[in-house]
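Participant: Please find the sequence and the predicted model below.
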Amino acid sequence: MLGLRLVSSVATMLVATMLGLRSTDEVALTGPKVELRKFARRFSSSVKVNGDIDVRRFVSAGEEFSHAVERFGDFTRRGVVDARKNLKRVEKAAGGRVVSMQVLLRDELRRGSRHPNGGPARSTGAEALLWSRLSVSFWVEIFKEHLRGKTSLPDATRSGFERSLARYLDRFSRAAFAAGLRQSTPDWEEVRRHTHLGCENGQCSDETLAAELKAFVREVEPVLDRMARLQKQDLIQDTAMWRLAFGVATQCDSSIFETAPANFPCYDMASSLLGDFHADGEVNLFDLSLQIRMLFGGIDKAESYMLISNTALWAYESQSECSRRRDRQMTASIIKSWAVTCPESLSSCYYDCNDEPACLVSLEPVHEATLEQGSWWSVPLLPTPWSRTSCPMA
């Protein structure tokens, strides 16, 4: 147990645990207790009423939590150092004036902090915010893994790493983490001795430990989920808007549908007749123009400009509208918006009177190429000698 010194009563407790018995006993504890519930409340308080994240409160909670994690043992040292560096970078990016996470991400976008392939660019405040979230998520996943089956700390740490940080690291970094994990990670009893986790008044039990871990996960995980949605929304939504504006995608396409659940209808936010912050029932170049000006022209708080009364023409008020509309389309018949008298015999294409393949043409945009700057699409022109289509253009 890595030099762990236990009183005789704890040795008895360990034997009882191996036999599958419920154990509660006194442990040789050192230092003050780490109050996970207190840190959970601090993280939870960073969520604002409108669903945004108070960056300063999150940074403060993260710094306090890093001090607590440091007491888990030497195996946390490198992670704690990196977490503190990232929190300092977030604090520097905010500049002491920005509180809103959404505003911070938009400021970062204006500075070119978005990677061409998506996500935040390296060495930016946006990247530091991503790593700050993942460092907390790492511990949430460790605690969840233990709660699933009383997993040992090394096994729970390995699983927590795979579920949080691993997907953002290269093969070398993952291998280095695995090697360090095998050499230095203690078990829960060692951590308990330094932190008093699962202990009350010197009495320690697995049930109390589970209750503390569960309370932390319950309060902190929704905060991290909200941060992840905001990061995806602000760092990916600009790409989605370009695709929507040029007709390459629709709002109900999976690539758009999953990016910003909370603000799903808000792609439609400008009108050719009424101007900015007036919905007109479709996402087009007017909406794209407004978004570009919001990102790069100094408009920070769009929610204060978009009135509920100006959203009446939204085609989709929520993501559930997509499934309901698909159901209606499957059951409803197509109503023609034109009247044509078809000749008794046809030798050529004539409106919708001839269903031969030669009389059908697709105007769907065609993918031409993918470059570093993005994708190129083209709209096929009508074949000669066609001059018009027999259905209205949307």
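Facilitator: Noted; the coordinates are in hand.

Participant: Can you show me the strands along the stretch 201-350 of the chain?
Facilitator: Shown for the stretch 201-350 of the chain, the strands assigned by DSSP state E, counting those that start in this stretch span residues 203-205, 270-271, 275-276.

Participant: Ranking the ones you listed by mean neighbour count, which comes first?
Facilitator: Mean neighbours per residue, mean count of other Cβ atoms under 10 Å, is largest over the strands of the stretch 201-350 of the chain for strand 270-271, with a mean of 22. C-beta here means a position set from N, CA and C on the backbone, and glycine is covered the same way.

Participant: That one pairs with which strands?
Facilitator: strand 275-276 (antiparallel) (DSSP bridges).

Participant: export the strands of the stretch 201-350 of the chain to JSON lines and tack on mean pLDDT?
Facilitator: Formatted as JSON lines, the strands of the stretch 201-350 of the chain follow (pLDDT from 0 to 100):
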{"stretch": "strand 203-205", "mean pLDDT": "86"}
{"stretch": "strand 270-271", "mean pLDDT": "84"}
{"stretch": "strand 275-276", "mean pLDDT": "83"}
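
Participant: Mind telling me what element Arg37 is part of?
Facilitator: Using DSSP states H and E, Arg37 maps to helix 36-44.

Participant: For that helix, give the mean pLDDT please.
Facilitator: For helix 36-44, the mean per-residue pLDDT is 94.

Participant: List the buried residues of it.
Facilitator: Buried residues in helix 36-44, defined by neighbour count with 16 or more other Cβ atoms under 10 Å: 36, 39-40, 42-43.

Participant: Going by contacts, tell me the helices and strands next to it.
Facilitator: Applying 3 or more Cβ pairs under 8 Å, 6 or more residues apart in numbering; DSSP states H and E, one finds that helix 36-44 contacts helix 55-70, helix 206-245.

Participant: Check which helices and strands the last one sits against.
Facilitator: Judged by 3+ Cβ pairs under 8 Å, 6+ apart, the packing partners of helix 206-245 are helix 36-44, helix 101-110, helix 125-149, helix 254-257, helix 285-296.

Participant: And the helices and strands packed on helix 36-44: which comes nearest Glu344?
Facilitator: For those, proximity to Glu344 was assessed by Cβ to Cβ; helix 206-245 is nearest, at 44.3 Å.

Participant: Apart from its chain neighbours, what residue comes closest to Val47?
Facilitator: Val223 (5.7 Å; Cβ to Cβ, 6 or more residues apart in numbering).
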